[in-house]
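Engineer: Can you look at this prediction? I've put the sequence above it.
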Protein chains: 2
Amino acid sequence: MAQRAGVPLSAVKYYQREGLLPAGARSAPNQVAYGEEHVRRVRLVRALLETGGLSVAATKDVIAALDAEAAPLARTFQVAQHAMGARRVQESAPSGAARARVEALAAARGWCVTSDNPGFEAAARALDGLRSIGFDPPQEYLDAYAAAAGTAAAADLQALSGRGERDAVAELMVVGTVLGDPLFAGLRRLAQQDATRDAFPAPARGGRR
Amino acid sequence: MAQRAGVPLSAVKYYQREGLLPAGARSAPNQVAYGEEHVRRVRLVRALLETGGLSVAATKDVIAALDAEAAPLARTFQVAQHAMGARRVQESAPSGAARARVEALAAARGWCVTSDNPGFEAAARALDGLRSIGFDPPQEYLDAYAAAAGTAAAADLQALSGRGERDAVAELMVVGTVLGDPLFAGLRRLAQQDATRDAFPAPARGGRR
DNA sequence: CCACTTCGGATACCTTCACTATCCGAAAGT
DNA sequence: ACTTTCGGATAGTGAAGGTATCCGAAGTGG
């Protein structure tokens, strides 16, 4: 099973220990049968850990939310969002001013959000970081980012429609939430290089001229 | 100085050891004078480490590129982008198919990029993660993300214009590159909650009904 | 002038995280 | 009966990001 998922056996054992993977069906007292769903689950865990950058503990919460069949899908979404916020511990709380600015931005766009949304903290911390080097982002800057976020979120939800099964929807919801960030990050780097080419002279190759 | 920057003294010493902070001006054989620029630098380092999620080694590269006055700004941008790709070691290379899809996406949008842009790897890995759970992103999905990335990148470059000094521009470029990701991530979570509210029934508060 | 504090620098140590290696007992195959 | 293989448990590993301690030189008060 570990081979089928492309993961070292020791890592699979570790995930089971940590509660990230359910025990397989006992076929014999010392044999466990794993089906395709287990392989799929291992790959999901790896995607969240490796590409998504989540911690094992955060991944555990997400998995638990996925398996809570009774919970509404919106609740699963919430857990996935909170798990992403907790990728690192010991993060200082953002300033009130930064948070207020993010709240104003959300209100201006008519977003209906709750104040416990971890996006507030994340965005406010980023604003604090920009402020700390003396950059107070102009409104156009924030508006552009908010518009981009809206575009991506709409695409995320669009992708969910038309997928009938509850499990498939929940899984995609979680993975999309987590992997959307690195996807955007990569594409932004590409777009930045293109934009930089227009704004600055190309660096001279092989020395200065 | 550590107090002024809001960082434990031991951490500042550690950063100096690791080459993230330059030595201060010696005012006496056992006294070192720190100016406002040092405090600023400490805050920059903290923003990259804590909010940006960079490793100490990656931050060191970025700092070095910032201080290389002779280097063209485009080069500084490159280093910042590469540093972000290296936030975690031991990441497996993405599949060729995923990378090809990202390349096609960039070509379709007319982006002029080099193949060593770390954004390719990052985006392709995210696509692999989505594929691994059986989600093959439709073209509209990728187009939406690419459009969002273009919007953000344009705002990033816009913010750079009108800032005369080379140092200020380079610093903002670096911090904007690094902190743009968490800023977007936070805003996307807010937008997602809003979009989810439209697509799914609100979760019942206080129990099931 | 001499104890006493303070500062900077160097070294050793600590904690967490994500694994990895080893050991053991039971069961299946030969 | 004997070897192999499997699952589970326990202990160990290495990197990362700090923290704590020690030491010697410089300034300070009596």
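Structural biologist: Nice, thanks for sending it over. All values derive from a computational prediction rather than experimental measurement.
Engineer: Chain A: helices as residue ranges?
Structural biologist: A:2-5, A:9-17, A:36-46, A:56-67, A:73-85, A:96-108, A:118-132, A:139-160, A:166-199 (DSSP state H).
Engineer: Counting by contacts, list what the helix or strand bottoming out on mean pLDDT in chain A packs against.
Structural biologist: Counting by mean pLDDT, DSSP states H and E, chain A has its least confident helix or strand at strand A:25-28, which shows a mean of 70. Helices and strands touching strand A:25-28, by 3 or more C-beta pairs under 8 Å, 6 or more residues apart in numbering or on different chains; DSSP states H and E, are strand A:31-33. From N, CA and C alone the C-beta is placed, and that goes for glycine too.
Engineer: So what touches the strand it packs on?
Structural biologist: A:23, A:24, A:25, A:26, A:27 (C-beta atoms under 8 Å, 6 or more residues apart in numbering or on different chains).
Engineer: just curious, which of these is nearest to DNA strand D?
Structural biologist: Nearest to DNA strand D, judged by C-beta to the nearest atom of the strand, of these is residue A:23 at 5.6 Å.
Engineer: Now for the closest one, how many residues are close by?
Structural biologist: Residue A:23 has 9 neighbours, counted by other C-beta atoms under 10 Å in any protein chain shown.
Engineer: show me the contacts for it.
Structural biologist: Per C-beta under 8 Å, 6+ apart, neighbours of residue A:23: A:16, A:32.
Engineer: per-residue pLDDT, it?
Structural biologist: With respect to pLDDT, residue A:23 has a value of 78.
Engineer: ok, it to residue B:136 distance?
Structural biologist: 31 Å (C-beta to C-beta, to the nearest Å).
Engineer: How about residue A:75?
Structural biologist: For residue A:75 relative to residue B:136 (C-beta to C-beta), the value is 27 Å.
Engineer: Just the buried ones out of the contacts of strand A:31-33, please.
Structural biologist: Among the contacts of strand A:31-33, not one counts as buried by 16 or more other C-beta atoms under 10 Å in any protein chain shown.
Engineer: out of those residues, who's nearest chain B?
Structural biologist: residue A:24 (19.2 Å; C-beta to the nearest C-beta).
Engineer: ok, the residue most central in space within chain A - contacts?
Structural biologist: Nearest to the geometric centre of chain A sits residue A:178, at 2.1 Å (C-alpha atoms, centre = their mean). By C-beta under 8 Å, 6+ apart, residue A:178 lies in contact with A:47, A:48, A:52, A:54, A:62, A:80, A:83, A:84.
Engineer: any chance of the contacts of strand A:31-33 in TSV, plus distance to residue B:102?
Structural biologist: Putting the contacts of strand A:31-33 into TSV (distance: C-beta to C-beta, whole Å) gives the following:
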residue	distance to residue B:102
A:23	38
A:24	36
A:25	39
A:26	43
A:27	42
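Engineer: Which members of those are the farthest-apart pair?
Structural biologist: Farthest-apart pair in the contacts of strand A:31-33 is A:23 and A:27; separation 12.1 Å (C-beta to C-beta).
Engineer: how about low-confidence regions in chain A?
Structural biologist: By pLDDT under 70, the weakly predicted segments of chain A are A:26, A:87-90, A:201-209.
Engineer: List, one by one, the residues from it near DNA strand C.
Structural biologist: A:8, A:10-11, A:13-14, A:28-31, A:49-50, A:55-57, A:89 (C-beta under 7 Å from any atom of the strand).
Engineer: which among these end up buried?
Structural biologist: By 16+ other C-beta under 10 Å, the residues of chain A next to DNA strand C give A:49, A:50 as buried.
Engineer: closest to residue B:165 among the residues of chain A next to DNA strand C?
Structural biologist: residue A:89 (36.7 Å).
Engineer: Tell me who's in contact with residue A:101.
Structural biologist: Here residue A:101 is in contact with A:124, A:127, A:142 (C-beta under 8 Å, 6+ apart).
Engineer: and the nearest residue to residue A:171 once chain neighbours are set aside, backbone torsions?
Structural biologist: Spatially, and ignoring its direct neighbours in sequence, residue A:171 is nearest to residue B:133 (5.6 Å; C-beta to C-beta, 6 or more residues apart in numbering or on different chains). Here the main-chain torsion angles of residue B:133 (degrees, to the nearest 10) amount to phi -100, psi 10.
Engineer: who touches the closest residue to residue A:137 other than its chain neighbours in this structure?
Structural biologist: The shortest distance from residue A:137 to any non-neighbouring residue, by C-beta to C-beta, 6+ apart, is to residue A:130 (5.7 Å). Going by C-beta under 8 Å, 6+ apart, residue A:130 touches A:136, A:137, B:47, B:175, B:176, B:179, B:183.
Engineer: how about 10 Å then?
Structural biologist: If a contact means C-beta atoms under 10 Å, 6 or more residues apart in numbering or on different chains, then residue A:130 has A:98, A:136-137, A:141, B:47, B:51, B:159, B:172, B:175-176, B:179-180, B:183 as its contacts.
Engineer: Next, count neighbours for the closest residue to residue A:199 other than its chain neighbours.
Structural biologist: Counting by C-beta to C-beta, 6+ apart, the nearest residue to residue A:199 once its immediate chain neighbours are dropped is residue B:157, at 5.2 Å. By other C-beta under 10 Å, 19 other residues sit near residue B:157.
Engineer: I'd guessed residue B:157 sits against residue B:73; true?
Structural biologist: No: if you go by C-beta atoms under 10 Å, residue B:157 and residue B:73 don't touch, sitting 11.2 Å apart.
Engineer: hey, what's in contact with both of the two?
Structural biologist: By C-beta under 10 Å, 6+ apart, the residues touching both residue B:157 and residue B:73 are A:196, A:199, A:200, B:173.
Engineer: so what's the last one up against?
Structural biologist: Contact analysis of residue B:173 by C-beta under 10 Å, 6+ apart lists A:192, A:196, A:200, B:65-66, B:73-74, B:76-77, B:80, B:156-157, B:159-160, B:163.
Engineer: cutoff 8 Å now
Structural biologist: If you count contacts by C-beta under 8 Å, 6+ apart, then residue B:173 has B:73, B:76, B:77, B:80, B:160 around it.
Engineer: same check, this time on the second one
Structural biologist: Taking C-beta under 8 Å, 6+ apart as the contact definition, residue A:199 lies against B:157, B:160, B:161.
Engineer: Can you tell me which of those residues lies closest to residue B:37?
Structural biologist: Using C-beta to C-beta, the contacts of residue A:199 come closest to residue B:37 at residue B:160, 20.5 Å.
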